[in-house]
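Participant: Mind looking at a prediction? Sequence and model below.
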Amino acid sequence: MCTSALEAAECIMKMHPMWQGPLAVPGGDRQSPIDIAVRKTQWDRQLKPLEMRYDPRTCQQIWNNGYSFMVEYDDTTDRSTVKGGPLEDQYRLCQFHFHWGESNAWGSEHSVDRRLFPAELHLVHWNSDKYSLFEEAVMEENGLGVVGVFLKLGKRHEGLQKLVDALPAVRHKDSVVEFGRFDPTCLLPENTEDYWTYYGSLTTPPLTETVTWMVMKQPIEVSHDQLAVFRSLLFTSAEEEVQRSMVNNFRVQQPVGGRSVRSSFDPFQHGEPSAL
Ligand SMILES: [Zn+2]
């Protein structure tokens with residue numbers, strides 16, 4: 001049984017199909033996720049605000065890929081994009097997904113001063129100024145820009161509920177359901193000016209080190225019931241005899257090494273940094 005966050009992560013490494021077999025790209029020295037040690041972050045006054053512009057009409061479908069559920073967007077045009085912040089180019093939204101735990105004590109991939117959150121949202125964008133397809137960008141320098149948002153336990157999130165209501169339709173692995181007109185702006189925290197940024201990797205195979213991470217400081221609030229619906233999804237397809245709950249779908253944390261984590265804000269301006 002997986003009794004701690006670390007053991008849970010190791011269980012996934014052993015059991016989950018996505019983590020079996022040799023990896024396409026062996027881990028290098030800028031892997032993700034990491035712990036963000038606030039006292040070691042560097043306040044970069046040059047960091048501009050992020051500009052996220054999403055067109056809800058580009059939202060297409062939800063897909064249970066056997067590891068998480070992906071909310072997929074039409075990325076053939078620049079209608080849903082992020083730019084600004086640490087990014088020199090414009091990046092297109094292709095999908096968002098979440099990572100979560102079996103309990104509310106863990107589930108996020110990143111942590112802040114070792115504090116884990118019950119879940120973490122990843123909005124995945126690719127550099128459409130330099131590349132022509134996600135599949136190309138994923139392997140290339142400055143190919144991807146991922147916005148991370150922590151989910152904490154609190155009141156019901158009205159914006160998320162539309163998505164939660166659609167999840168029973170993709171309970172099993174490989175199921176897909178049409179899902180339109182969803183604006184992921186509603187999943188961003190009120191304050192998007194304060195974020196951390198560092199250079200890292202995808203946290204699922206192929207683990208390529210082509211990601212500019214932008215992790216929001218302010219979490220969003222979701223209810224226990226909403227997380228319970230995430231946990232009612234399955235890693236397994238309808239045909240499999242033994243069904244397994246989709247929980248603990250996060251990667252174990254990686255060494256920061258010599259990397260710098262920059263913040264867009266003064267980490268000491270609002271009292272103790274750990275009092276988020
Ligand atoms: Zn992710």
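Facilitator: Received it, and whenever you're ready, just let me know what you need.

Participant: What residues does H122 make contact with?
Facilitator: 96-99, 109, 146-148 (C-beta atoms under 8 Å, 6 or more residues apart in numbering). The way it works is simple: take the backbone N, C-alpha and C, and place the C-beta from them, glycine included.

Participant: Switch those over to JSON lines, and while doing so, append neighbour count to every line.
Facilitator: Below are the contacts of H122 laid out as JSON lines (neighbours: other C-beta atoms under 10 Å):
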{"residue": "F96", "neighbour count": "25"}
{"residue": "H97", "neighbour count": "20"}
{"residue": "F98", "neighbour count": "24"}
{"residue": "H99", "neighbour count": "26"}
{"residue": "E109", "neighbour count": "24"}
{"residue": "V146", "neighbour count": "22"}
{"residue": "V147", "neighbour count": "27"}
{"residue": "G148", "neighbour count": "21"}
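
Participant: nearest to F182, of those residues?
Facilitator: F96 (9.4 Å; C-beta to C-beta).

Participant: Now name the helix or strand holding that closest one.
Facilitator: Element membership for F96, per DSSP states H and E: strand 91-100.

Participant: Check which helices and strands the helix or strand just after that strand sits against.
Facilitator: Where DSSP H and E defines the elements, the next helix or strand beyond strand 91-100 is strand 111-112. Strand 111-112 sits against strand 35-36, with contacts defined as 3 or more C-beta pairs under 8 Å, 6 or more residues apart in numbering; DSSP states H and E.

Participant: The strand it packs on - which strands sit beside it in the sheet, and in what orientation?
Facilitator: Strand 35-36 sits in its sheet next to strand 111-112 (parallel), going by DSSP bridges.

Participant: what's next to the partner strand, contact-wise?
Facilitator: 33, 35-36, 38, 117, 150, 217, 253, 274, 276.

Participant: The residues you listed in strands, which ones?
Facilitator: 35-36, 150 (DSSP state E).

Participant: now those as CSV including pLDDT?
Facilitator: Shown next, in CSV, are the ones in strands among the contacts of strand 111-112 (pLDDT from 0 to 100):
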residue, pLDDT
D35, 97
I36, 98
F150, 98
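
Participant: Going by neighbour count, which of those residues comes out on top?
Facilitator: Counting neighbours by other C-beta atoms under 10 Å, F150 leads those with 25 neighbours.

Participant: Read off the pLDDT value for F268.
Facilitator: pLDDT recorded at F268 is 82.

Participant: Likewise for V25?
Facilitator: pLDDT for V25: 48.

Participant: Over to the one 3 residues further on?
Facilitator: For G28, the pLDDT comes out at 88.

Participant: check contacts around it.
Facilitator: Counting by C-beta under 8 Å, 6+ apart, G28 touches 201, 209.

Participant: separation between it and L207?
Facilitator: According to C-beta to C-beta, to the nearest Å, G28 and L207 sit 9 Å apart.

Participant: if I look at the two, which residues touch both of them?
Facilitator: Contact criterion C-beta under 8 Å, 6+ apart; residues shared by G28 and L207: S201.

Participant: Listing partners with orientation, what would you give for the strand holding F96?
Facilitator: Using DSSP bridges, the strands paired with strand 91-100 are strand 69-73 (antiparallel), strand 81-84 (antiparallel), strand 119-127 (antiparallel).

Participant: Alpha carbons only: can I get the second one in PDB?
Facilitator: The reference is to strand 81-84. Extracted C-alpha coordinates of strand 81-84, given in PDB (Å, rounded to 0.1, in the frame of the first residue of the first chain):
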ATOM      1  CA  THR A  81      -2.400  32.000 -26.000                       C
ATOM      2  CA  VAL A  82       0.000  33.100 -23.300                       C
ATOM      3  CA  LYS A  83       2.800  35.600 -23.700                       C
ATOM      4  CA  GLY A  84       4.700  38.000 -21.500                       C
END
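
Participant: Just the buried residues of it, please?
Facilitator: Residues of strand 81-84 classed as buried: 81-83 (neighbour count, 16 or more other C-beta atoms under 10 Å).

Participant: Need the residues that contact stretch 229-247.
Facilitator: With contacts defined as C-beta under 8 Å, 6+ apart, stretch 229-247 is touched by 16, 64, 66-69, 98, 100-102, 107, 119, 164, 167-168, 170-175, 249.
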